[in-house]
Every structure is written in C-alpha cells, then in structure tokens.
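>>> For reference, the sequence and a predicted model appear below.
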Amino acid sequence: MQRRTLVMLAFITMFCLTIYSGAYASSLSKAEIVHFWVAVPAGNVTEPKTLRGAGPPINMAPIIIDLDTRGLPKNLLNPNVEAISTHWIYNLDKRPYKLGLDLINTHFPVEWEVRSEWPYDPTTHTFTKPLPPGQRIPGLSIDWIFKIPAYYMDEQVIYDGGLLIFDADSGQPLTFIPIKIVRGGIIPSQGGLGSCH
Amino acid sequence: MSLERKKQTLFKNKYRYLSWILGFLIFVGPFSLLTRLVYMVIGNISLPDLHTICLRMPLDWVFSGRVYNLLGSPIMTSFTIIVLITTLLVGPMFCGWLCPVGAVSEALSRLAPIPKKFRLHIQDPNITRNLRFGFLTGFILVSILVGLGYAYVGSICCRYCTSSVLQNIVNGLFGNSLAFEYWHTGSILTLIFWLLVGGIFTFGGRGWCILFCPLGAVSGLIHAIGAKIGFYRTVKNEEDCKNCGSCSDICPMWAIGSDNSIERTLCINCKECINRCPSRAFSMIWGRRKKSDYVDNEAS
C-alpha cells in the first residue's frame, strides 16, 4: 500500500472511530450515570418540560434508567451499581431558598457524593445558605450511587421513587423528579447530556 | 533496556521525573496544592481535585458553541489559556513535564517489564500525526453536533474522562472506597485504553496522549506554529548524528522518525532524546531558524 494512502487511511480511521465513540457515548448517557438539570420551583415533573429564567433553558423530565441498555463492559464488570448525577440546580423563583434534598422510596443503600462551592450539610442533605433568585449552586456535583442488591436485579422495576427538592426552612416541596430504575421494556430517559457542564 | 541504561535514563531525566511528582501534587486531590492556593485566594470553600482544572472541557465548550461556560468556570478557563500560551512559548512542556495523566501512564509503561515486541509502536510519525489529527477533527465535529443538539451524538469529552478515572483511583487509594465502586462503560473503556493499552502495552506509555487527548493535539499544533516563529523547540544537528536510532528508541511520543527527523506536532520537549543521544546531536534552541534546525519535519 502506498504510504500516502496509508497516511490518509490513518486519518479517516481515527476520525470515524471518534465519531462512533460520540454515538456510543450518546447511547450510554441515557442509561449510565444519567446527568439531569434541576430547577426550583418546578412542581411534580411528570412529563418533559422546559423552564426559563436563569442561565440557559432548563430541560427537565422524569428519569427512567433501563439497566438492559447499558454498555457491555458495565453489564459484565460492574452491573450492581448505577448512578445519577447533577451539576445544575437553579432557583427560578423571586425569593431565596435554603434547599434540602431527599431521595424518596429507597429500599437499598444509596450513597451521596456531594461537592459544592455552596455551604452544604451532609447529614441533612441541605444547602445551609439560601440560594438567591436567578442563581445556580456554584461548583456543584452530586452523584447518587445506587448499590442494587443482587436479588433485585431480576425485578422489572428495581426502583420507583424520585428526588425531592424542598425549602429546608418551611419543609414545603419545591420540585419532585420521578426516578425509575428498570430492566427492559420501558422507554429510557430523554435527559442525560453526557457532559459535565 | 539494560539495568545500567535504565539507571542512566533515570538520572539524566531526573528533573522531568521530579516534575511529574510536582504535577501530581499540585493538580491531583487530595493534594491539589496549586488549585487549593487559588481557591484560598478567591475564598472558595470547596475542596479542589484534578477535575477542578479539566483542560479538555473548555475546548469542548468552544467547539460546541457553549462559550458562556468559559465565563462560568474562570479557573478552568484560565488554566487552559495559560497552558496554551506557554505551549506557544516553550512547547507542550505541560504535557511532557506536568500532566499527571500522561505521567502516570508513561511511568507505568517504564516500570512494566513488557518486552518491546509486545508493545504498540508506530514508527512513521506521519501516520501517527494523521491518527492524532483524525481524532481531533472527530472531536471537534462531535462537539459541534452536541452543541447543535444532535441527539445521536454525545460528548466524548466527559464520557471518556482520564482525569476522573485517575482522580477516582487516587481517591480509592487514599481510603475513599466508594471511588472504586462505581464504574460506567466510559470509565472502564478509558481505564483500559489509557493505562492498559495506551500505557503498559504501548511503547513509551503515551498512547492516550498521542491518540486520544484533544488538548495534546491542539498543543501540538500550537507548538508547530511557535517553533516556526522561533520559540523554544528541540532540534537535531545533522552533522553530529551517527544514525544510531537511540532517539527514536526513547521518544515516548513517537515523534522521531526513522530518518531521525522531529515531527513537531508530536514533540512535547521532554528532552528524553537530548539526554539519550550519545553524540549530543539534539538540543533545545530559541530564536529564528539556524543551520542546525534543518532536520525538523517542516512538513508539519
């Protein structure tokens, strides 16, 4: 093979491989460490909605994770642990809120990994400083890591709950995002950017 | 490589290897000394780690049109700009001397007792260069498509993130067992291609840097421009060269071809060739082209 052809082939091969990696990343982002946006107050997010008022438009939807659509390496090597993540919590109201978070209806261990440039109390899962209107929690990264016991892995619906964001001062619910972890047969989440910011 | 040769290499490149440790300490958590210092100055209360100064995301934002993110993450943006400016002036020395991701895979490759014949090594820098820029072109196109909201393509910047994988490993080694518990497909593939294939089973241990790092590819382009202008670069004096092949035999970036020319877009000014060459044919220069600069692969 001529050297020039080989060089061109190298470029094209790597280009195609990279585009394929992007397509693969898109399919993975709907089932593995799904990233989602949060706005408060948004009420009960029973269907996809777009809210505006601070920063870019905020797309929210119920989160449905189908474990069967995860990648082969994940299903082979680390099947019993799944995670969801957010970097974006915005206050779209006209008043500040001290935000509390709660994961509803968990019946197996869920670890919270929270990093933030906003004061946070890990024992109560509360941001202790009120978030002003029109602002987002800066430098936020929350991962919820679901450690699914082996005996749940054959269930069709493994988890059916959601994330509740409430006003920590009054206890008033502000936003509820339903979250389901299932095995097959249900249309997966439309969320998930697969990107950190 | 004989033990004696390994000792010589270790001694002659000691500043580079010490610099790797420095890079680890100033960027990787729980140390993150430099980022911690910056956070202290600006009054940021969170604990920084390697991900705090991700140098790939700003590139992804620029290519995907999400430039507003640059303003929202001033530390990442500043670090990236500083790295790119220093690359123009002194070459990709961040890649060769400070980047913990490249340092870990190269160190692992040097430590692993795998015979050379079992390691991937492309000895034609033109092919390597085209692989590298095939990736960069794909990376840019994927970013553009993500920015346009094309649903069938996802960001490869964060899904296959070496910084997160390295930081997770370090967190795990420092007692955070949770860091070892969750692996997604992207992180598993990244671990395999960064440390196993690109590290241990690649000659020089920088397979990931050469083929899959967008910052490395952009730095290579900037260095090629900087070298043409006359900024700091590695050159070879043809008159002193004995064609022994020691230089191409040590270059971790596969930047030196069989004709001993230096492919500028791959070179990271690591000085391994300078310290290895028995006839001292390699040197670093600053300024406009000299006679000794003729062996550069100017086609780049």
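That came in fine, so what should we check first? Numbering: from 1, shown residues only, chains lettered A, B, ... in the order given.
>>> and the residue nearest to the spatial centre of chain A, what are its phi and psi?
Note on chain A: the residue nearest the mean C-alpha position is residue A:35, at 2.9 Å, using C-alpha atoms, centre = their mean. Dihedral pair for residue A:35: phi -100, psi 140, per degrees, to the nearest 10.
>>> so what's it bridging to?
Residue A:35 forms beta bridges with residue A:85, as assigned by DSSP bridges.
>>> Can you tell me how far it is from residue A:140?
12 Å (C-beta to C-beta, to the nearest Å). In short, each C-beta sits where N, CA and C put it, glycine included.
>>> Give the residues shared as contacts by the two.
A:86, A:87 (C-beta atoms under 8 Å, 6 or more residues apart in numbering or on different chains).
>>> Now for residue A:70: which residues touch it?
A:28, A:31, A:32, A:79, A:82, B:184, B:185.
>>> Tell me how far the first one lies from residue B:188.
As for residue A:28, its distance to residue B:188 is 11 Å (criterion: C-beta to C-beta).
>>> And the third one, by the same measure?
The spacing between residue A:32 and residue B:188, counted by C-beta to C-beta, is 10 Å.
>>> Comparing the two, which shows the higher neighbour count?
The neighbour comparison of residue A:32 against residue B:188 (other C-beta atoms under 10 Å in any protein chain shown) goes to residue A:32, with 28 against 18.
>>> In this structure the more buried one contacts residue B:185, no?
Yes: taking contacts as C-beta atoms under 8 Å, residue A:32 lies within contact range of residue B:185: 5.9 Å.
>>> What helix or strand is the nearest residue to residue B:12 once chain neighbours are set aside located in?
Excluding the flanking residues, the one nearest residue B:12 by C-beta to C-beta, 6 or more residues apart in numbering or on different chains is residue B:275, at 3.9 Å. Here residue B:275 sits within helix B:272-276, counting by DSSP states H and E.
>>> Show me what the mean pLDDT comes to for that helix.
The predicted model assigns helix B:272-276 a mean pLDDT of 94.
>>> Show residues contacting that helix.
Helix B:272-276 is contacted from outside by B:9, B:12-13, B:16, B:234, B:236, B:246-247, B:249-252, B:256, B:280, B:282-284, using C-beta under 8 Å, 6+ apart.
>>> Make a markdown table out of the contacts of residue A:70 and add secondary structure and distance to residue B:175.
Below are the contacts of residue A:70 laid out as a markdown table (DSSP: H, G, I helix; E, B strand; the rest coil; distance: C-beta to C-beta, whole Å):
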| residue | secondary structure | distance to residue B:175 |
| --- | --- | --- |
| A:28 | helix | 29 |
| A:31 | coil | 30 |
| A:32 | coil | 26 |
| A:79 | coil | 25 |
| A:82 | strand | 24 |
| B:184 | coil | 22 |
| B:185 | helix | 26 |
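>>> Buried ones among these?
A:28, A:31, A:32, A:82, B:184, B:185 (16 or more other C-beta atoms under 10 Å in any protein chain shown).
>>> Okay, and the beta partners of residue A:146?
residue A:82, residue A:110.
>>> who touches the residue lying closest to residue B:51 once chain neighbours are set aside in this structure?
Take residue B:51 and drop its neighbours on the chain: the residue closest to it by C-beta to C-beta, 6+ apart is residue B:163, 5.4 Å away. Applying C-beta under 8 Å, 6+ apart, we find residue B:163 in contact with B:50, B:51, B:54, B:56, B:101.
>>> same thing but at 10 Å, please
Each residue near residue B:163 by C-beta atoms under 10 Å, 6 or more residues apart in numbering or on different chains is listed here: B:27-28, B:49-57, B:99-101, B:190.
>>> Just the element for it, please.
Element membership for residue B:163, per DSSP H and E: helix B:162-173.
>>> Return the set of buried residues in that helix.
For helix B:162-173, burial by neighbour count (16+ other C-beta under 10 Å) applies to B:162, B:163, B:164, B:165, B:166, B:167, B:168, B:169, B:170, B:171.
>>> so the third one sits right up against residue B:29, yeah?
Spelled out, that is residue B:164. No: contact criterion C-beta atoms under 10 Å: residue B:164 and residue B:29 do not qualify, at 11.4 Å.
>>> list the residues that contact both of these two?
In terms of C-beta under 10 Å, 6+ apart, residue B:164 and residue B:29 are both contacted by the residues B:49, B:50, B:51.
>>> For chain A, see how far away the first one is.
Just to be clear, that refers to residue B:49. 8 Å (C-beta to the nearest C-beta, to the nearest Å).
>>> my read: that residue touches residue B:164, true?
Yes: counting by C-beta under 10 Å, residue B:49 does reach residue B:164; the two are 9.3 Å apart.
>>> can you pull the contacts of whatever residue of the stretch 1-150 of chain B ends up closest to chain A?
Among all residues of the stretch 1-150 of chain B, residue B:138 sits closest to chain A, at 2.6 Å; criterion: C-beta to the nearest C-beta. Residue B:138 makes contacts with A:11, A:14, A:15, A:16, A:17, A:18, A:19, A:20, A:21, A:22, B:156, B:214, as judged by C-beta under 10 Å, 6+ apart.
>>> Please name every helix or strand in contact with the helix or strand the first one falls within.
Taking DSSP H and E as the criterion, residue A:11 maps to helix A:3-28. Here helix A:3-28 is seen to pack against helix B:125-147, helix B:156-159, helix B:185-191, helix B:207-212 when contacts are counted using 3 or more C-beta pairs under 10 Å, 6 or more residues apart in numbering or on different chains; DSSP states H and E.
>>> Any chance of CSV for these, columns mean pLDDT?
Listed next are the helices and strands packed on helix A:3-28 as CSV, based on pLDDT from 0 to 100:
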stretch, mean pLDDT
helix B:125-147, 97
helix B:156-159, 92
helix B:185-191, 97
helix B:207-212, 98
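>>> Now distance to residue A:105 too, for those helices, in a markdown table please.
Below are those laid out as a markdown table (distance: least, C-beta to C-beta, whole Å):
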| stretch | distance to residue A:105 |
| --- | --- |
| helix B:125-147 | 33 |
| helix B:156-159 | 29 |
| helix B:185-191 | 27 |
| helix B:207-212 | 40 |
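>>> Look at residue A:55 and say how many residues are nearby.
16.
>>> name the element it belongs to?
Using DSSP H and E, no helix or strand contains residue A:55.
>>> likewise the one 4 residues further on?
Assessed by DSSP H and E, residue A:59 sits inside strand A:58-60.
>>> In the helix holding residue A:11, which residues are buried?
A:7, A:10-11, A:14-15, A:17-19, A:21-22, A:24-28.
>>> Mind picking the one among those residues that's closest to residue A:158?
Comparing the buried residues of helix A:3-28 against residue A:158 with C-beta to C-beta places residue A:28 closest, at 18.6 Å.
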